[in-house]
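# what follows is a protein structure lacking sequence information:
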């Protein structure tokens with residue numbers, strides 16, 4: 001189950017919420033994982049994501065997406081038959097900026113960052129060239145040719 005919280009004053013991504021649910025399910029299907037998770041997406045602005053980046057990663061600058069995986073912890077949080085997967089924070093301003101920079105739609109950038117964050121929650125990373133190759137190939141497979 002995907003919970004979406006908008007911490008900005010803008011609602012311009014609301015039309016894409018159903019699409020995120022589709023890509024959440026597609027990601028689990030590609031990875032052959034059963035859908036028994038609860039996760040949250042928080043749409044925020046540059047000030048909040050910079051603060052989070054500074055506090056948790058010791059990097060004092062804004063970024064596009066940050067994930068906090070609860071599966072990394074020793075204690076998992078369960079709700080009846082569902083497991084809390086974690087939180088994804090997406091910086092709305094960076095979605096708009098990067099969509100222009102990369103020459104594709106805001107919808108595609110938003111979905112791409114969501115899938116990127118979701119893969120982090122599921123244990124994927126890009127700290128080594130080998131891990132990066134694996135994770136980025138999965139992103140490409142999942143997001144595909146979304147315009």
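Sure, I can see it. Remember, predicted model here, so these are calculated numbers, not experimental data.

# I'd say residue 139 and residue 120 touch.
No: Residue 139 lies out of contact with residue 120 (C-beta atoms under 8 Å); the separation is 10.8 Å. For glycine as for every other residue, the C-beta is placed from the backbone atoms N, C-alpha and C.

# now do the helices in this structure.
Along the chain, counting by DSSP state H, helices occupy 17-30, 46-57, 92-102, 106-121, 129-143.

# now do the third one against helix 106-121: the angle between them, please.
If I follow you right, that is helix 92-102. On the basis of axes from the mean of the first three to the mean of the last three C-alpha atoms, to 10 degrees, helix 92-102 is oriented at 110 degrees to helix 106-121.

# ok, residue 92 touching residue 9?
No: between residue 92 and residue 9 there is no contact under C-beta under 8 Å: 9.8 Å.

# comparing the two, which shows the higher neighbour count?
Applying other C-beta atoms under 10 Å to residue 92 and residue 9 shows that residue 92 carries more neighbours, namely 22 against 7.

# since that was my last question, I'll sign off now.
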